[in-house]
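**Q** Predicted model, plus sequence, below.
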Amino acid sequence: MNPTFKKDIESVFFTDFAERVDFCGIRLNAVITKQHINPKMTGKFMETMDADILIREGMKVSIRKKDFPVTLKIGEEATVNKEKYLILDIVNRLGIVHFYLQRFAGK
């Protein structure tokens, strides 16, 4: 990774855009992006979309990998500020873990 880009992630992304959250019982800085989709998307078009587009009433939580020592898997439950979500996808990119979450419909 480009050293300048890495420095920008630390000095801008996780300071200017991050908020302090309780993620699965651990207090940490995370960037939360709320996501919604058009529920009318169906058929072949919908099948070609990935979790970044298909999340409905959910969010993407971006966390520094070094700040979150727990290993989570797709399909497991995650909590953000004590609200339950289902993990739809996990992407590790450039030292940042992106969790794509959908509001948990279970009990």
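**A** Cool, got the structure.

**Q** low-confidence ranges in the chain?
**A** Confidence mapping of the chain against pLDDT under 70 gives the ranges 1, 5-6, 8-11, 35-56, 104-107.

**Q** how about 50 then?
**A** Applying pLDDT under 50 to the chain picks out residues 39, 55, 107.

**Q** Tell me which stretches of it form helices.
**A** For the chain, the helices identified by DSSP state H occupy 3-8, 14-16, 43-47, 51-54, in order along the chain.

**Q** Can you list the residue ranges for strands in the protein?
**A** In the chain, strands defined by DSSP state E lie at 19-23, 26-35, 58-64, 77-80, 83-93, 96-103, listed in chain order.

**Q** okay if I get the ones you listed as CSV plus mean neighbour count and distance to Pro3?
**A** C-beta: built from backbone N, CA, C; applies to glycine. Written out in CSV, the entries for the strands of the chain read as follows (neighbours: other Cβ atoms under 10 Å; distance: least, Cβ to Cβ, whole Å):
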stretch, mean neighbour count, distance to Pro3
strand 19-23, 14, 26
strand 26-35, 16, 21
strand 58-64, 21, 17
strand 77-80, 16, 32
strand 83-93, 15, 17
strand 96-103, 20, 16
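
**Q** So what pairs up with Asp22 in the strands?
**A** In this structure, Asp22 has beta-bridge partners Arg27, where bridges are defined by DSSP bridges.

**Q** OK, contacts around it?
**A** Residues counted as contacts of Asp22 (Cβ atoms under 8 Å, 6 or more residues apart in numbering) are Thr79, Val80, Asn81, Lys82.

**Q** Can you tell me which of those is closest to Phe13?
**A** Among the contacts of Asp22, Val80 lies closest to Phe13 (Cβ to Cβ), at 18.4 Å.
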